[in-house]
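*Asks:* generate a structure from the sequence data that follows.
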Amino acid sequence: MRLRRSVIALMAVLGLAAVSACNGGGKDKSADDGGLQKVSYLTSFNTFGREAYAYVALEKGYFKDAGFDVKISPGTGTVDVMKLVAGGQADYGIGDFTATVITLGKQKLPVTTVGMIHQKSMAAIMSLEGLGIKGPQDLPGKTIGDQPGSTNTVMFPVYANAVHIDPKSVTFLPSPPPALPNLLAAGKVQGIGQFVVGQPLIEKADPKHRKAVTLPYGDVLPDLYGNAIITRTDLAKDHPDQVKKFTAALLKGLQDTIDDPAGAAATLKKYVPTTDLAVATAELNIMKDYVKPKSFNGPLGDVSLERLQKIIALLEQSKAIQPGAVKPDDVVTMSLAPKS
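*Replies:* Residues are numbered from 1 along each chain as shown. Presented below is the predicted three-dimensional model:
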């Protein structure tokens with residue numbers, strides 16, 4: 001009898017323990033993480049030096065202080081980032097603003113932007129000395145390697161229009177991003193789509209040690225923004241305070257990054273061990289002038305409605321989007337953008 005009672009008592013204890021385990025031990029999941037809200041974030045493209053600011057925000061506890069447990073994953077370009085955020089596979093992501101506007105002009109995705117990382121576009125065509133490209137007038141008849149749907153490819157017709165060349169006179173060869181530097185170094189293409197900060201990487205990949213030749217889109221299209229912070233429209237509408245807190249934390253990481261590029265590169269290497277410190281630091285030193293150009297005196301992440309309207313008009317004139325296809329409210333939630 002005593003043995004039977006002991007068995008019954010043990011079964012009862014085990015039953016309570018099982019129920020407790022199923023219910024998280026009487027706590028909700030966030031309590032186990034110190035009350036932090038889990039958030040997923042996509043870089044704009046891979047984990048190059050230019051993406052270090054997110055890791056700085058993570059390392060310095062800016063996300064945690066704002067109430068977030070952030071998982072950073074490498075993105076694969078603006079269009080893919082937009083689609084993953086739209087589909088709920090990520091809460092936030094980074095993508096080129098102009099490419100975002102062009103994409104939304106062609107397909108309605110439930111995404112919006114809430115702040116700018118770069119006040120000037122970093123998109124460019126990059127070549128090496130001796131490959132026949134010294135300026136935009138040399139592009140007709142050349143082959144450019146790039147990933148389909150990349151920012152540089154999507155924006156090229158706008159750039160071509162600005163430098164008065166026929167975009168159809170340039171051939172784009174679909175190429176995976178990791179292969180681009182070697183394709184260029186081997187002379188299999190005369191240029192590649194690349195952000196201006198890619199210069200140190202391109203030069204290091206060339207066994208002949210030639211200097212890079214960079215054709216920045218922003219030099220002839222100064223109104224264009226660079227990368228922007230992307231989130232879902234429902235998140236921006238239903239949880240504006242969360243979006244503001246996340247944006248503020250990310251921009252704190254960005255400020256620290258441009259203040260100390262070498263330190264930011266070291267932080268990136270801690271999370272991404274394959275990081276080349278010299279290349280990452282050089283990238284970030286180049287990026288500083290795109291985050292805060294000399295003529296810029298607004299707050300970090302600033303968005304100007306007047307400038308936004310100019311960008312839309314430019315894209316319409318370049319036939320990158322149809323007239324009336326995109327309105328400012330379709331691409332930016334101005335109420336959540338940083339203000340001075």
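
*Asks:* going forward, measure contacts and count neighbours with C-alpha atoms only.
*Replies:* OK.

*Asks:* shouldn't I192 be within a helix?
*Replies:* No: using DSSP: H, G, I helix; E, B strand; the rest coil, the assignment for I192 is strand, not a helix.

*Asks:* burial of it, as a residue count?
*Replies:* I192 is flanked by 28 other residues according to other C-alpha atoms under 10 Å.

*Asks:* wait, it touches L128, no?
*Replies:* No: in this structure I192 lies outside contact range of L128 using C-alpha atoms under 8 Å: 9.7 Å.

*Asks:* identify the contacts common to these two.
*Replies:* Common contacts of I192 and L128 (C-alpha atoms under 8 Å, 6 or more residues apart in numbering): L184.

*Asks:* can you pull the contacts of D234?
*Replies:* P110.

*Asks:* element containing it?
*Replies:* helix 233-238 (DSSP states H and E).

*Asks:* got the buried residues for that helix?
*Replies:* Neighbour-count burial for helix 233-238 flags T233, L235, A236 (criterion: 16 or more other C-alpha atoms under 10 Å).

*Asks:* kindly report the same for stretch 287-296.
*Replies:* Applying 16+ other C-alpha under 10 Å to stretch 287-296 flags M287, K288, D289, Y290, V291, K292 as buried.

*Asks:* mind listing which of those are in strands?
*Replies:* Counting by DSSP state E, none of the members of the buried residues of stretch 287-296 fall within strands.

*Asks:* show me where the stretch 1-150 of the chain has its helices.
*Replies:* Taking DSSP state H, counting those that start in this stretch to define them, one finds helices in the stretch 1-150 of the chain at 2-22, 29-32, 52-59, 62-65, 78-86, 97-106.

*Asks:* chain center to stretch 123-135: distance?
*Replies:* 24 Å (C-alpha atoms, centre = their mean, to the nearest Å).

*Asks:* show me which residues of it are buried.
*Replies:* For stretch 123-135, the neighbour count (16+ other C-alpha under 10 Å) marks A123, A124, I125, M126, S127, L128, L131, I133, K134 as buried.

*Asks:* same check on stretch 272-290?
*Replies:* For stretch 272-290, the neighbour count (16+ other C-alpha under 10 Å) marks 275-277, 279-290 as buried.

*Asks:* nearest to G226, of these?
*Replies:* Y290 (7.8 Å; C-alpha to C-alpha).

*Asks:* what segments of the stretch 151-300 of the chain are helices?
*Replies:* 151-162, 180-185, 199-205, 217-220, 233-238, 240-259, 261-271, 277-291.

*Asks:* would you turn the ones you listed into JSON lines with mean pLDDT and distance to G324?
*Replies:* Output for the helices of the stretch 151-300 of the chain, formatted as JSON lines (pLDDT from 0 to 100; distance: least, C-alpha to C-alpha, whole Å):
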{"stretch": "helix 151-162", "mean pLDDT": "93", "distance to G324": "17"}
{"stretch": "helix 180-185", "mean pLDDT": "96", "distance to G324": "36"}
{"stretch": "helix 199-205", "mean pLDDT": "95", "distance to G324": "37"}
{"stretch": "helix 217-220", "mean pLDDT": "96", "distance to G324": "24"}
{"stretch": "helix 233-238", "mean pLDDT": "98", "distance to G324": "20"}
{"stretch": "helix 240-259", "mean pLDDT": "98", "distance to G324": "27"}
{"stretch": "helix 261-271", "mean pLDDT": "98", "distance to G324": "41"}
{"stretch": "helix 277-291", "mean pLDDT": "97", "distance to G324": "29"}
